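>>> got a predicted structure plus its sequence, pasted below:
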Amino acid sequence: MKMLFVFIFTFFSLNVFASKPFFIKRSINYQTDFGYCAPRVAGDLSLLLVKEFEKNHSLKEVKEKILKEKLIEKYYVSSYKIDYDPLSRSLKFEYECPEPLMRVQIYKNGSEQAYTAVLGHDGKLYDSQYEELLRKEGKLSQALPLLAFPIEDLEKDLQKQIAGLVSKITPRSTS
């Protein structure tokens with residue numbers, strides 16, 4: 001009986017140690033296509049999403065985190081795509097960020113209060129910090145034209161019409 005116990009213990013010990021140990025964590029490889037996005041910011045977003053993916057290996061939970069924490073707006077991303085290849089254990093992130101067309105100042109009629117934003121090629125308004133970020137990252141070197149309009153025109157989607165017009169006049173950069 002004692003000999004059988006030693007044999008069974010040895011057999012299971014060899015099988016456990018002969019295969020890859022289950023406690024060694026294999027890392028996820030990832031690749032990021034920044035598009036027009038600022039590399040540091042898009043890289044930070046990728047790292048955040050990789051950490052989320054490593055928790056449960058679930059793209060669904062990554063998507064839920066993006067939506068719940070509004071990461072698209074926070075990181076100035078206009079569109080994104082995430083792919084996972086389980087064989088190579090690699091995540092691929094593709095981001096697109098809006099190219100700024102102009103600086104916009106929105107004011108209330110009869111008021112001296114104004115809000116400054118950046119009009120993207122997609123017709124959406126982004127926080128003015130986006131322009132500063134792109135300048136620091138070397139993605140934006142030229143001065144942006146300035147346009148001011150009342151907040152009432154914002155409700156008429158004037159910014160989308162302006163973005164369409166300006167996009168037709170000036171070609172988008174490919175950097």
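Perfect, thanks for sending it.
>>> which residue ranges form the helices in the chain?
Ranges of helices in the chain, per DSSP state H, are 2-18, 39-56, 59-68, 71-74, 129-136, 151-154, 158-169.
>>> select, out of the ones you listed, the one closest to residue 101.
helix 158-169 (4.8 Å; C-beta to C-beta). C-beta here means a position set from N, CA and C on the backbone, and glycine is covered the same way.
>>> average pLDDT across that closest one?
Taken as a whole, helix 158-169 carries a mean pLDDT of 72.
>>> show me what it is packed up against.
On a contact count with 3 or more C-beta pairs under 8 Å, 6 or more residues apart in numbering; DSSP states H and E, helix 158-169 meets strand 100-107, strand 114-120.
>>> list the buried ones in the first one?
Neighbour-count burial for strand 100-107, counted by 16 or more other C-beta atoms under 10 Å, picks out 100, 101, 102, 103, 104, 106.
>>> export the helices of the chain to TSV and tack on distance to residue 82 and mean neighbour count?
Putting the helices of the chain into TSV (distance: least, C-beta to C-beta, whole Å; neighbours: other C-beta atoms under 10 Å) gives the following:
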stretch	distance to residue 82	mean neighbour count
helix 2-18	35	9
helix 39-56	7	16
helix 59-68	6	14
helix 71-74	12	14
helix 129-136	22	16
helix 151-154	32	13
helix 158-169	27	15
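>>> can you tell which of the ones you listed is closest to residue 116?
That would be, of the helices of the chain and by C-beta to C-beta, helix 129-136, which comes in at 9.1 Å.
>>> kindly calculate the angle that that closest one makes with strand 114-120.
Using axes from the mean of the first three to the mean of the last three C-alpha atoms, to 10 degrees, the inter-axis angle of helix 129-136 relative to strand 114-120 is 60 degrees.
>>> what's helix 129-136 packed up against?
Identification of packing neighbours for helix 129-136 by 3+ C-beta pairs under 8 Å, 6+ apart yields strand 100-107.
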